[in-house]
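Student: What would the 3D arrangement of this be:
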Amino acid sequence: MNRLFGLNGIAGLLLLVVVLLSVVTGLGIQAWKTQKAQATNAYVLESAEIKANNSANSQYYKLVK
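Tutor: Down below sits the predicted model:
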């Protein structure tokens, strides 16, 4: 009976399933919160001012609040 509840038995399998489902749920909730926060965070791209292969292109992104 002691081997049944070892980490190699049914309890170990159930523990692994619970841990994996917890990780998936946690990451899903974090993704949902990030998407919810960024959905209202629009930006404007000034395409006339951007030159190809220029490291300063990031200054033309303006956050709209």
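Student: When you work out contacts or count neighbours from here on, use the C-alpha atoms and nothing else.
Tutor: Will do.
Student: which residues of this structure fall in helices?
Tutor: 10-38 (DSSP state H).
Student: can you list the weak-confidence ranges in this structure?
Tutor: Across the chain, the ranges flagged by pLDDT under 70 are 1-7, 49-54, 57-58, 60-65.
Student: do that again at 90, thanks
Tutor: 1-16, 37-65 (pLDDT under 90).
Student: tally of neighbours for Ser55?
Tutor: Counted by other CA atoms under 10 Å, the residues lying close to Ser55 total 8.
Student: What separation do you get for it and Leu13?
Tutor: Distance from Ser55 to Leu13, counting by CA to CA, to the nearest Å: 51 Å.
Student: Same question for Thr40.
Tutor: Thr40 sits 42 Å away from Leu13 when distances are taken as CA to CA.
Student: Show me which of these two is the more surrounded one.
Tutor: Comparing Thr40 with Leu13 by other CA under 10 Å, the one with more neighbours is Leu13, at 14 against 10.
Student: State the number of residues packed around Leu45.
Tutor: Going by other CA under 10 Å, the residues that sit close to Leu45 add up to 13.
Student: who does it bridge with?
Tutor: Applying DSSP bridges to Leu45 yields these beta-bridge partners: Tyr61.
Student: Just want to check the distance between it and Gln59.
Tutor: Distance from Leu45 to Gln59, by CA to CA: 10 Å.
Student: And for Trp32?
Tutor: From Trp32 to Gln59 the distance is 28 Å (CA to CA).
Student: same check, this time on Ala11
Tutor: 55 Å.
Student: Repeat that for Ala48.
Tutor: 13 Å.
Student: who has more neighbours, those two?
Tutor: Between Ala48 and Gln59, counted using other CA under 10 Å, the more crowded position is Gln59 (11 against 7).
Student: Now for the more buried one: which residues touch it?
Tutor: By CA atoms under 8 Å, 6 or more residues apart in numbering, Gln59 lies in contact with nothing.
Student: Brilliant, that's me finished.
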